[in-house]
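Asker: Any chance you can model this:
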Amino acid sequence: MTDVREAVTRAHHDEWARVVAALTRRFGDLDIAEEAAAEAFTTAVERWPADGVPPNPGAWLTTTANHKAIDRIRRENKRDDKHKEAQMVYDDDPPEPLGAIDDDRLRLIFTCCHPALAMDTRVALTLRMVGGLTVPEIARAFLVAESAMGQRITRAKAKIKAARIPYRVPAAEDLPTRVAGVLTVLFLVFNEGYLATGPDTDPVRHDLTAEAIRLARLIRALLPDDGEVAGLLALMLLIEARHPARVSANGELVALDEQDRGAWDAALIAEGHRLVRERLAAGVAPGRYQILAAINAVHTSARDMRDTDWSQVLALYDQLVRLEPTPIIALNRAIAVAEIDGPEVALATVDRLDDRLSGYHAYHATRADLLRRLGRSHDSRAAYDKAIDLAGNTAETAYLIRRRDQLR
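Answerer: Here you go, the predicted model:
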């Protein structure tokens, strides 16, 4: 049964974008495409344990999803052009021109990141339709309620339908206007892989981080002069380089200050550093991803935690706050403040974020660590308890429990 589930999972990440793209192109409806694809994967979970994994899982899923879509259209009595099209189980039409992008998943991401939708909406919709993330995972990425995120995605689909926004592969000249949304999608997919937010998945999902990096490399080839593309690729490489040292043998998250830096991937670090240096040499004001990449370059340049150039890290965060004054950036900046000005100064900054980050586990985890450093064990324990209650990642939860239990 485990082997079958693994086969379905592999097929999901390999085939989801292709199946959704094919059905959307055929039926012109994102709802039908997504629901038919989801039903096909559900059927695979039900049937493959008894029937065995088919020789060509992708073709099986595509055919099954096609039939599911046709059944739904018939049930809803949708006739005319759609109903006629639904009779064709196999699409004999000539393939749509690939345009500038010849990768199925990347092409669908660019297609879904339509400028007619608000940025947050197009990103959320694309994460659901193409990234394969669940609504709860997307909601946690945006720090909003699951119900609110579900409504946002539903409204986005309704707007596409009402405004008759076409499913059309963007031309090369359209890519720059859509790339910001695409980069946000890849960043959030990578984050979900780097530290999964749900308790029912592996704590670190290498399949997601690897796919995000693969797609970022493709975008870099398409837009070699875009600084933020290079910045995001560098950022992901420098974070992914730490993957071998991030989870202990007993399944506990290993914090940056406790990681075996000798286990880090030197080749990925070298590539990430080279990209950061290239962007610095360009002499152009950096964007969000370039600054984040530079921060991670500082961390991966240090021989150990004590060797970290915290003044440089703080200066970079100051740049980032001016560019993007979000509570998450302010929280991360406070960690650097603690290393330079002490935990008491940092705690005052963190406490001012309570009204905006009270439902975010990392906020309470940061408070807990600062309170621990100040010797306020009782308050630190309470903050750890809140962080543990909110954290979904099993490895991170194990780490937080250990830190809490070490308090006197």
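Asker: now the helices for the stretch 1-150 of the chain?
Answerer: 2-27, 30-51, 57-75, 80-86, 104-112, 119-129, 135-142, 146-163 (DSSP state H, counting those that start in this stretch).
Asker: actually the stretch 151-300 of the chain, sorry about that
Answerer: Per DSSP H, counting those that start in this stretch, the stretch 151-300 of the chain carries helices over the ranges 175-194, 206-222, 227-240, 266-282, 288-301.
Asker: Now the first one: average pLDDT?
Answerer: Within the predicted structure, the mean pLDDT of helix 175-194 is 90.
Asker: what does stretch 332-341 give?
Answerer: 96.
Asker: For that stretch, output the C-alpha coordinates as CSV.
Answerer: Output of stretch 332-341 as CSV, limited to C-alpha atoms (Å, rounded to 0.1, in the frame of the first residue of the first chain):
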residue,chain,number,x,y,z
ASN,A,332,13.4,38.0,10.9
ARG,A,333,15.2,41.3,11.3
ALA,A,334,14.7,41.1,15.0
ILE,A,335,16.7,37.9,15.1
ALA,A,336,19.7,39.8,13.8
VAL,A,337,19.0,42.7,16.2
ALA,A,338,19.2,40.2,19.1
GLU,A,339,22.7,39.2,18.0
ILE,A,340,23.9,42.8,17.9
ASP,A,341,21.9,44.8,20.5
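Asker: from here on, count from 31
Answerer: Right, with 31 as the first residue, what we last looked at is stretch 362-371.
Asker: contacting residues around it?
Answerer: 338, 340-341, 343-344, 347-348, 350-351, 375-377, 379-380, 396, 400, 403 (Cβ atoms under 8 Å, 6 or more residues apart in numbering). For the C-beta atoms, the positions are set from N, CA and C on the backbone; glycine is no exception.
Asker: Please identify the deepest-packed of the helices of the stretch 181-330 of the chain.
Answerer: For the helices of the stretch 181-330 of the chain, the largest average neighbour count (mean count of other Cβ atoms under 10 Å) is found in helix 257-270, namely a mean of 25.
Asker: per-domain residue ranges of this protein.
Answerer: 31-125, 127-220, 360-435 (automatic domain parsing).
Asker: and residue 325, which of the ones you listed is closest to it?
Answerer: Residue 325 lies closest, by Cβ to Cβ, to one member of the domains of the chain: domain 360-435, at 8.5 Å.
Asker: Can you check the distance spanned by that closest one, start to finish?
Answerer: End-to-end span of domain 360-435 (Cα to Cα, to the nearest Å): 28 Å.
Asker: how far out from the middle of the chain is that domain?
Answerer: With Cα atoms, centre = their mean, to the nearest Å as the basis, domain 360-435 stands 23 Å off its chain's centre.
Asker: mind checking the backbone torsions on the nearest residue to residue 390 once chain neighbours are set aside?
Answerer: Distance criterion Cβ to Cβ, 6 or more residues apart in numbering; nearest residue to residue 390, sequence neighbours excluded, is residue 173 at 5.9 Å. In terms of degrees, to the nearest 10, the main-chain angles of residue 173 are phi 60, psi 40.
Asker: Run a quick neighbour tally on residue 173.
Answerer: By other Cβ atoms under 10 Å, 14 other residues sit near residue 173.
Asker: can you pull the contacts of it?
Answerer: Residue 173 touches 358, 387, 389-390, counting by Cβ under 8 Å, 6+ apart.
Asker: Could you dump those into JSON lines with secondary structure and distance to residue 202 added?
Answerer: Formatted as JSON lines, the contacts of residue 173 follow (DSSP: H, G, I helix; E, B strand; the rest coil; distance: Cβ to Cβ, whole Å):
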{"residue": "358", "secondary structure": "helix", "distance to residue 202": "34"}
{"residue": "387", "secondary structure": "helix", "distance to residue 202": "40"}
{"residue": "389", "secondary structure": "coil", "distance to residue 202": "42"}
{"residue": "390", "secondary structure": "coil", "distance to residue 202": "39"}
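Asker: Which entries within those residues meet the buried criterion?
Answerer: 387, 390 (16 or more other Cβ atoms under 10 Å).
Asker: For the contacts of residue 173, work out which two are farthest apart.
Answerer: 358 and 389 (12.5 Å).
Asker: quick one: low-confidence ranges for the stretch 131-280 of the chain?
Answerer: Within the stretch 131-280 of the chain, the segments meeting pLDDT under 70 span 159-162, 193-199.
Asker: where's residue 327 relative to residue 265, distance?
Answerer: Residue 327 is 9 Å from residue 265, where distance means Cβ to Cβ, to the nearest Å.
Asker: overlap in contacts of these two?
Answerer: residue 302.
Asker: Look at residue 125 and report its pLDDT.
Answerer: 48.
Asker: likewise residue 31?
Answerer: Confidence score, pLDDT, at residue 31: 46.
Asker: Then residue 58?
Answerer: pLDDT, residue 58: 60.
Asker: rewinding a little: may I see the domains of the chain arranged in a markdown table, with distance to residue 271 as well?
Answerer: As requested, the domains of the chain are exported to a markdown table (distance: least, Cβ to Cβ, whole Å):
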| stretch | distance to residue 271 |
| --- | --- |
| domain 31-125 | 22 |
| domain 127-220 | 13 |
| domain 360-435 | 18 |
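Asker: Relative to residue 293, which of the ones you listed is closest?
Answerer: Per Cβ to Cβ, nearest to residue 293 of these: domain 360-435, 16.1 Å.
Asker: for the most centrally placed residue in the chain, what are its contacts?
Answerer: Note on the chain: the residue nearest the mean C-alpha position is residue 219, at 1.7 Å, using Cα atoms, centre = their mean. Contact partners of residue 219, counting by Cβ under 8 Å, 6+ apart, are 157, 161, 163, 238, 241-242.
Asker: mind checking how far residue 75 is from residue 229?
Answerer: To residue 229, residue 75 is 19 Å away according to Cβ to Cβ.
Asker: Between these two, tell me which one has more neighbours.
Answerer: Ranked by neighbour count (other Cβ under 10 Å), residue 75 and residue 229 place residue 75 first, with 14 against 11.
Asker: Tell me the pLDDT of the more buried one.
Answerer: 71.
Asker: can you list the residues that contact stretch 388-401?
Answerer: With contact meaning Cβ under 8 Å, 6+ apart, stretch 388-401 is reached by 173, 358, 361, 364-365, 368, 373, 376-377, 380-381, 383-384, 387, 407, 409-411, 413-414, 416-422, 426, 430, 433-434.
Asker: Only the buried members of these: can you turn that into a PyMOL selection?
Answerer: The PyMOL command for the buried members of the contacts of stretch 388-401 (criterion: 16+ other Cβ under 10 Å) is given here:
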select buried, resi 361+364+365+368+373+376+377+380+383+387+409+410+411+413+414+416+417+418+420+421+422+426+430+433+434
